[in-house]
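1. Give me a 3D structure for the following:
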Amino acid sequence: MEWHDRGGEICFNILKEELLEWNRGGTSWWSRLQSQDQRDELERLLKKDNITAALFPLLEIPALAPGFRGGMVGSALRSKCDEEIIHYLDHMYRFWCKLLGDEPTSKAKLDAFTVQELQLRNPAEVKADRDYLEAKCQSGEIFGGFNASERKVIFDRLLSLPCLVPSFDTFFEDLKFLIDVAYCVKRLVKPAVGQTISEAVEDAFSFERVVPCPDVIDRSEYD
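-> Numbers count the residues shown, from 1 in each chain. Below is the predicted model of the structure:
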């Protein structure tokens, strides 16, 4: 899987500047963007309160930054899949909190290489993934910012989380498939201005909007 470290770091730190009021007085990360399109899309993203609220807690985990793809932000917003995007971001945050604990120091000690090694693996259910990651964890190749006893605790927690390890990279890869599905659904149910696809589908198939089928049976035949 492609690893977008520098561009992801820039976009991630812009979000930190805007949402956490981080780096005040320093050189703004906005100045490091080389694409006006990315600037425009990030500005659009910052106006989406529901999605930025889901992004906000993930900014506590800097090691996730390399996977952030600023070039796909526009596609994410145009998909009109806000609920699905928020659900994924919430799932990602809950996963890393369960794995690392709630302490900010633990989240800060996580490194990007470890995220890259873990993403899309499921050591709780796949033996090959478990054996591969266990060896790297014991040697300190992953979770290198933690001592041996801390790594053992983290690995035990990892084995209690039966799912593919999520990251921003997996989020944007999955988003490619979601966008294709969303395009098909929008051809069937056209969302109104400001409406998401989920809202449009719920509205289209709500009880009040359902038109009863005509009674085409001549019941007199059975009298």
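
2. Which other helices and strands does the longest helix belonging to the chain contact?
-> Longest helix in the chain, counting residues (DSSP state H): helix 168-188. Secondary-structure packing of helix 168-188 (3 or more CB pairs under 8 Å, 6 or more residues apart in numbering; DSSP states H and E): helix 73-78, helix 82-100, helix 197-204. All C-beta atoms are positioned from the backbone trio N, CA, C, and that covers glycine.

3. any low-confidence regions in this structure?
-> Along the chain, segments meeting pLDDT under 70 span 1-6, 22-26, 207-223.

4. distance of residue 79 from residue 195?
-> 13 Å (CB to CB, to the nearest Å).

5. coming back round to it: could you dump the helices and strands packed on helix 168-188 into a markdown table and include mean neighbour count and distance to residue 35?
-> What follows is the helices and strands packed on helix 168-188, written out as a markdown table (neighbours: other CB atoms under 10 Å; distance: least, CB to CB, whole Å):
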| stretch | mean neighbour count | distance to residue 35 |
| --- | --- | --- |
| helix 73-78 | 18 | 11 |
| helix 82-100 | 18 | 22 |
| helix 197-204 | 16 | 27 |
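
6. wait, which of these is closest to residue 172?
-> Residue 172 lies closest, by CB to CB, to one member of the helices and strands packed on helix 168-188: helix 73-78, at 8.0 Å.

7. Could you export the closest one as PDB, CA atoms only?
-> This file holds the C-alpha atoms of helix 73-78, laid out as PDB (Å, rounded to 0.1, in the frame of the first residue of the first chain):
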ATOM      1  CA  VAL A  73     -10.500  15.000   0.500                       C
ATOM      2  CA  GLY A  74     -12.600  16.500  -2.300                       C
ATOM      3  CA  SER A  75     -13.700  13.100  -3.500                       C
ATOM      4  CA  ALA A  76     -14.700  12.200   0.100                       C
ATOM      5  CA  LEU A  77     -16.800  15.400   0.400                       C
ATOM      6  CA  ARG A  78     -18.400  15.000  -3.000                       C
END
